[in-house]
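Novice: Just a sequence and a predicted model for now, questions to come.
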Amino acid sequence: MSTKIVAAMAFVALAGAANAETVLVWSTGNNGYGTDDIAGWLQASGRFDSVSYLNQDNGVSLATLNAYDKVLYFSNTSTTQDPTAIGNTLADFADTGKRLVIGTFAWADQGGNTLGGRIMSDGISPFTIAGSSIYSGVTIGSTDGSAFWNGVNAMYGLFHDNVGVASGATLRGSWSDGTPLLATKGNVVAVNLFPDDTFGNVSGDYRQLFTNALDEVPAPGTVGALSIFGLAALRRRR
């Protein structure tokens, strides 16, 4: 098989992945708040074919998540959640290779709203738990300039977790207080910000950031692998 044919096949594979456009926003401990609103503004972005939402503390199966191409998960208050079961289900979904985005308060160190299970014990989450949540105003401190930041020019947030960067993960941006803001590990993206703006205390281009996190930005190593065939310049830009 010639190099040109192999390159073409690689391009088709990448383009096929970029066409997966069904999203589920799954929250726990957020009943009665804005999980549906998040689905609404993600849908309004025009980047996805359909966006659904589910606020359910427990009993969500891999089959439910796997009906979608991408999942955004975040937690809020600690109610009847089982962090081990939730973390195991998220890990199972991540194992499929589909895009998983995790937001605050998943690393809150506050009890039932804090992730446990394989997503943490197996190092699948790009963030580790470093302490209790941080409630102080922050802005963007630094970024790596990757496509995650396309259209994200300024942002303010209050609710973020005290996290570290997991082994093997790539730090993509930090808050002005030095806390990691966004990191990736394979197909899993961690965003250290609470996405539900019902509670206020967030402004700027945060919706764009979560939209980018869910969209098909090449995973670490993908572009490098394709560059063997002269495709290093291929990158989905919005």
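Specialist: Ah, there it is. Since the structure is predicted, the reported quantities are computational estimates derived from the model, not experimental observations.

Novice: separation between the nearest residue to residue 204 once chain neighbours are set aside and residue 131?
Specialist: Leaving aside its sequence neighbours, residue 204 sits nearest to residue 155 (C-beta to C-beta, 6 or more residues apart in numbering; 3.6 Å). Heads up, the C-betas are built off the backbone N, CA and C, glycines and all. Relative to residue 131, residue 155 is positioned 22 Å away (criterion: C-beta to C-beta, to the nearest Å).

Novice: These two: who's more crowded?
Specialist: Using other C-beta atoms under 10 Å as the criterion, residue 155 and residue 131 rank with residue 155 on top: 21 against 12.

Novice: Spit out the contact partners of that one.
Specialist: Contacts of residue 155 were listed using C-beta atoms under 8 Å, 6 or more residues apart in numbering, and they are 139, 140, 193, 202, 203, 204, 205, 206, 209.

Novice: quick one, helices of the chain?
Specialist: Ranges of helices within the chain are 3-18, 35-44, 62-66, 83-95, 118-121, 206-214, 222-226, based on DSSP state H.

Novice: Ends of stretch 31-47, what's the gap?
Specialist: End-to-end distance for stretch 31-47: 26 Å, by C-alpha to C-alpha, to the nearest Å.

Novice: Any chance you could list what contacts it?
Specialist: Applying C-beta under 8 Å, 6+ apart, the contact partners of stretch 31-47 are 21, 23, 25, 27, 48, 50-55, 72, 76, 79, 195-199, 207, 210-211, 214-215, 238.

Novice: Same question for that stretch: list its buried residues.
Specialist: 33, 34, 35, 36, 38, 39, 41, 42, 43, 45, 47 (16 or more other C-beta atoms under 10 Å).

Novice: Looking at those residues, spot the one nearest residue 145.
Specialist: Closest to residue 145 out of these is residue 47 (20.3 Å), distances taken as C-beta to C-beta.

Novice: separation between that closest one and residue 210?
Specialist: Going from residue 47 to residue 210 by C-beta to C-beta gives 11 Å.
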